[in-house]
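Peer 1: Sequence isn't available, so here's the structure alone:
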């Protein structure tokens, strides 16, 4: 796999999750369980991005 393409894909997904979190948060009655799931997934992707960025910097 191409690390640069993987990084771009993860960054795009991270942005999508940010939008989804913002949208859910601004609903009249946000569902806390859904927000928690989205935030966990966003954090996981952020960690994956950090790993890939570290790998790209050392390559």
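Peer 2: Received the coordinates, thanks. Please read all numbers here as calculations on a predicted model, not as lab measurements.
Peer 1: which parts of stretch 36-46 are buried?
Peer 2: Within stretch 36-46, the residues that qualify as buried are 38, 41-42, 45, counting by 16 or more other CB atoms under 10 Å. For the C-beta atoms, the positions are set from N, CA and C on the backbone; glycine is no exception.
Peer 1: what sits against the closest residue to residue 14 other than its chain neighbours?
Peer 2: Residue nearest to residue 14 in three dimensions, not counting chain neighbours: residue 45, with 4.9 Å by CB to CB, 6 or more residues apart in numbering. Residues in contact with residue 45, defined by CB atoms under 8 Å, 6 or more residues apart in numbering, are 10, 13-14, 17.
Peer 1: Helices of the protein, start to end?
Peer 2: Under the criterion DSSP state H, the chain carries helices at the ranges 3-25, 32-58.
Peer 1: for the first one, packing partners?
Peer 2: This points to helix 3-25. Taking 3 or more CB pairs under 8 Å, 6 or more residues apart in numbering; DSSP states H and E as the contact definition, the neighbouring helices and strands of helix 3-25 are helix 32-58.
Peer 1: orientation of the helix it packs on relative to helix 3-25 in degrees?
Peer 2: If you take axes from the mean of the first three to the mean of the last three CA atoms, to 10 degrees, helix 32-58 sits at 160 degrees to helix 3-25.
Peer 1: Residue 11: what's it in contact with?
Peer 2: residue 49.
Peer 1: per-residue confidence for it?
Peer 2: Here, the pLDDT recorded for residue 11 equals 96.
Peer 1: Just put the contacts of residue 45 in CSV and tack on distance to residue 29.
Peer 2: CSV is the format used below for the contacts of residue 45 (distance: CB to CB, whole Å):
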residue, distance to residue 29
10, 31
13, 26
14, 26
17, 20
